[in-house]
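Visitor: what would the 3D arrangement of this be:
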Amino acid sequence: MTYRCRWAALALAAALPCLLLSGPSAEAQQSPRRGAALELQTTPRMPGLRFSLGARTVESDRRGRVRVRATDVRGLARRLKVLDADVSTGVRAKLSRVEPGTPPRVVLDLYYRIRPRFVDPAGEPVDPGRIASVTLRGSHGVVKTFKGDEWPMLQGTRAVRSARESEKLAYVVESVVVDGSNVVNRAQQRFLPSQSRTVQIELMFYPTRFVARDALLGFPIGSGIRLQSPDGDTKRHAFRSRADLTIPSLPRGRYRVTVEAPGISPSRPVALSRAQQVDLKVISYLDVAVVLLLATGLALGLPSLRRPLLLSALFSRRRRSRSRARAGTWMGGVVFALCAGFAPAQPAHAAPPGKEPVRTLAARAGERVPLLAYYYIWFNVSSWNRAKTDYPLLGRYSSDERRVMRRHIGRAKEAGIDGFIVSWKSTTLLNRRLEKLIEVADAERFKLVIIYQGLDFDREPLPAQRVAADLDAFLDDYAQADAFAGFGRPVVIWSGTWRFSQRDVADVSRPRRERLRILASEKNIEGYRRLADVVDGNAYYWSSVDPYTHPNYPRKLVEMGEAVNADGGLWIAPAAPGFDARLVGGTKVIDRRDGATLRKQLDGARRSAPDAIGLISWNEFSENSHVEPSRNYGRRYLEVLAAIRGTKLSAAAALDSSEPATTPTDADASYSASLVAGFAILIGVALTATVRRVRRSKRAPPAA
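Guide: Numbering: from 1, shown residues only. Take a look at the predicted model:
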């Protein structure tokens, strides 16, 4: 090799590493070339959806994937547009964002056109044109307000970051305003736009009857009424016949009503909260004339009598005391008869035939046994959409609401219920609700007992370690409340003990019995005796017995009570108003018999010498054993309990928590009392004037 070739070879060898190092980097090799296609995945998957990117138009394939000319996803969301966003009838897609990934995702939000249907409690349609506004609150925190017949498209899905499926959004109805009044209970009606395009919203519209009568003589009077709605608008309604008018559908709210009649008819308030009759009284000109004529006759006619019974009784010097007594009786009778003649008739409160309350053994006995109602705090607004044939008068409430708890405890106390047996186990949700209930019960001096749910949803026993940990949490966090002090120590009923071994029950109960009364929930004597040494008594939950067809029912309770009492244990006997759990897999139906079943079960429970009676239940609506006022039964079962327990329900017990506080009954009573007092004063003035004239005439010297 020549000298020149040798130097060329050495130069090439020296330059080779530099040539290798100057090649494309790994990052550059992996980056798409400018103008390369980038494949994106639509979420949710939307085949056939058209996009534009600059001047180009692309369409997603059958897998919902779309190819665009781009180097990376940065800034792509600003340039990528959705075309023909109506993916189907009433459904529209909107681009939310573009997320990096493998493959990158085009995140879409879906909006739905909703067709609302407004109905009253009877299911009759309500004209959307009457609705001033509707307010909805979505689970994503967005609040929308619009007119009743002009609903916007509602977002029905929302893509969650790092999730492959979109979240379905739910909406609750916050308010529906008609004539200035909200006619729904807040957040008790819920729907998902992605599941149903037609939404039915129930409004509180009620039929109302107005009857006008003369205050003194009671005959029908008037040509119509002027009704002022909650928004201040006044409309005239003509009577159809005999001063009687029924308006079939009025929104819930506060009204003022005035009778158009010849006489005095002051405007009076009406708190409309249910179907009802409003009795209106009118002081007619005839009433005024009759009273004035009577008063004038008394003032002018009595002095013309020489020695009438009244004057002789008042002014005779002989036997004055006896005569005055007769005169007082006579005057009192006159005034009473006159007042009774024009006093407005009060409606009788006797129960309809077949509903007369019966005072049973529980009421006749000298000892008042505590009555505790089983109470459930698991209700969400959505809970009422499953396995329910009846609904509370309070509406489809959530167990998170303190106002609902206060209303429940107030109504229970009026009916003679002394406390609640609260269904609980330690979860974040139930703990929060139990804390609220304890606060309300302490303020109302109301007893609480815990029934610990020892079985899971599939009726399998929880681990004994879980039960022990939950009872420790109860002791640490809640047991010190005054509401649990009703039986010396807090009482916990362990539900489902028949599924636990005697050893498991002993391991849980023995270290805690000094601070708790732990009761079994066994169904027979053998079951209780198996655990008698490791528990403090027994609470039998027997909701599905028919006392009229089960011949051994009373005897079984007596025998169980004797067994528990023999060991010095606490015995809680069951009583229920009826039962129907067919929608949750049951087959038996126990007829309520308009309260007779409840009365008979309370009698049977009382005969077993219990320390307390466990009423099944306050609000178990899935098994239809509830006594809480409801649409199907009203407050009938609180009336039965009140009659048995010797208590009295207030008029407000029939009202919903969000109804106006003023009641027509209160207004009638005040109006009637004012009317009676006014006429009594007028007659008294006339009699006083007569007496004074007689006295002056007796003192005057005789004529010459």
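Visitor: look up the pLDDT of V467 for me, please.
Guide: pLDDT for V467: 96.
Visitor: if I follow the layout properly, it ends up in contact with V508?
Guide: Yes - contact criterion CB atoms under 8 Å: V467 and V508 qualify, at 5.3 Å. Backbone N, C-alpha and C define where each C-beta goes, glycine included.
Visitor: what is in contact with these two at once?
Guide: W494 (CB atoms under 8 Å, 6 or more residues apart in numbering).
Visitor: can you name the residues in contact with stretch 377-397?
Guide: Here stretch 377-397 makes contact (CB under 8 Å, 6+ apart) with 172, 185, 187-190, 398-399, 404, 407, 422-424, 430, 433-434, 437, 580, 583-584, 619, 621-622, 624, 626, 628-635, 654-658.
Visitor: how about stretch 127-142?
Guide: By CB under 8 Å, 6+ apart, stretch 127-142 touches 116, 118, 143-149, 151, 154-155, 158, 169-180, 187, 201.
Visitor: next step: those restricted to helices.
Guide: Among the contacts of stretch 127-142, DSSP state H puts none in helices.
Visitor: make a PyMOL selection of the buried ones in those residues.
Guide: Those of these that count as buried under 16 or more other CB atoms under 10 Å are selected in PyMOL with:
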select buried, resi 116+118+148+151+154+155+158+169+170+171+172+173+174+175+176+177+178+179+187+201
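Visitor: quick one: P47 and V66 touch, right?
Guide: No - taking contacts as CB under 8 Å, P47 lies outside contact range of V66: 9.8 Å.
Visitor: excluding chain neighbours, what is closest to L557?
Guide: S608 (4.0 Å; CB to CB, 6 or more residues apart in numbering).
Visitor: the one you found and I572, how far apart?
Guide: Counting by CB to CB, to the nearest Å, the gap from S608 to I572 is 10 Å.
Visitor: about what we covered before: gap between the residue nearest to L557 and L372?
Guide: Applying CB to CB to S608 and L372 gives a distance of 15 Å.
Visitor: more neighbours: S608 and I572, which one.
Guide: More crowded of S608 and I572, by other CB atoms under 10 Å: I572, with 26 against 22.
Visitor: show me what that one is bridged to.
Guide: Beta-bridge partners of I572, counted by DSSP bridges, are A539, A612.
Visitor: domains for this structure, by residue range?
Guide: Listed domain ranges for the chain are 36-111, 114-202, 210-283, 286-347+669-699, 364-645 (source: automatic domain parsing).
Visitor: least reliable of these going by mean pLDDT?
Guide: Among the domains of the chain, domain 286-347+669-699 carries the lowest mean pLDDT (a mean of 56).
Visitor: torsion angles phi and psi at the residue nearest to L471 when sequence neighbours are not counted?
Guide: Counting by CB to CB, 6+ apart, L471 lies nearest to R512, which is 5.7 Å off, once chain neighbours are set aside. The phi/psi pair for R512 (degrees, to the nearest 10) reads phi -120, psi 0.
Visitor: surely R512 is in contact with I518?
Guide: Yes - between R512 and I518 there is a contact under CB under 8 Å: 6.7 Å.
Visitor: neighbour count winner among these two?
Guide: More neighbours surround I518 than the other of R512 and I518, with 26 against 17 (other CB under 10 Å).
Visitor: am I right that the more buried one falls within a strand?
Guide: Yes - under DSSP: H, G, I helix; E, B strand; the rest coil, I518 sits within a strand.
Visitor: quick one: it and A441, what's the gap?
Guide: In terms of CB to CB, I518 sits 21 Å off from A441.
Visitor: what do R512 and I518 both touch?
Guide: In contact with both R512 and I518: L471, using CB under 8 Å, 6+ apart.
Visitor: quick one: secondary structure of Q465?
Guide: helix.
Visitor: what is the neighbour count of it?
Guide: Neighbour tally, Q465, other CB under 10 Å: 11.
Visitor: repeat for V282
Guide: Based on other CB under 10 Å, the number of other residues close to V282 is 24.
Visitor: sorry, back to before: who touches the residue nearest to L557 in this structure?
Guide: 554, 557-558, 560-562, 571, 573.
Visitor: again, but for R256
Guide: 227-228, 267-270.
Visitor: picking that back up, of the contacts of stretch 377-397, keep whichever come out buried.
Guide: 172, 185, 187-190, 398-399, 404, 407, 422-424, 430, 433-434, 437, 580, 619, 621-622, 624, 626, 628-630, 633, 635, 654-658.
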